[in-house]
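In: Quick check, what structure comes out for this input:
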Amino acid sequence: MATRTVTIASSVGLHARPASLFVEAAADSGLDVEIGRPGEDAVDATSILGVIALGAMHGEEVVLTAEGADADAVLDRLVALLSTDLDAQ
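Out: Here you go, the predicted model:
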């Protein structure tokens, strides 16, 4: 299982548009991907409701995990998304 820790860069956190873009990318990967705060239960990264309910705010760290072929590459792409202020684009 591959794991990455990343800081949320979007100014409004992982809500609305940033959450939607993240969930879409996680779903497109075809892998089992989860996201959560360090030390807390993770949620399915392909669930928009789960990701928004996580309530991850700007500047908070989250942990991503993925299992399957190319898990490292998938997580690298998801980290790149979360490391970008998606609201500014």
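In: Skipping adjacent residues, who's closest to the residue of the chain positioned farthest from its centre in space?
Out: Most distant from the centre of the chain: residue 69, at 18.2 Å, with distances by C-alpha atoms, centre = their mean. Sequence neighbours aside, residue 31 is the residue nearest to residue 69 in space, at 7.8 Å (criterion: C-beta to C-beta, 6 or more residues apart in numbering). For glycine as for every other residue, the C-beta is placed from the backbone atoms N, C-alpha and C.
In: residue contacts, the one you found?
Out: Counting by C-beta atoms under 8 Å, 6 or more residues apart in numbering, residue 31 makes contact with 66, 67, 68, 69, 70, 71, 74.
In: Show me the helices in this protein, by range?
Out: Under the criterion DSSP state H, the chain contains helices at 16-29, 48-54, 71-82.
In: Please work out which residues outside the last one touch it.
Out: So the one you mean is helix 71-82. Contact partners of helix 71-82, identified using C-beta under 8 Å, 6+ apart, comprise 1-4, 6-10, 14, 18, 21-22, 25-26, 29, 31, 33, 45, 62, 64-66, 68.
In: Which PyMOL command selects the buried ones in the residues you listed?
Out: Listed next is the PyMOL selection for buried residues among the contacts of helix 71-82, using 16 or more other C-beta atoms under 10 Å:
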select buried, resi 2+4+6+8+9+10+14+18+21+22+25+26+29+31+33+45+62+64+65+66
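In: In strands, which of the contacts of residue 31 appear?
Out: Among those, the members found in strands (DSSP state E) are 66, 67.
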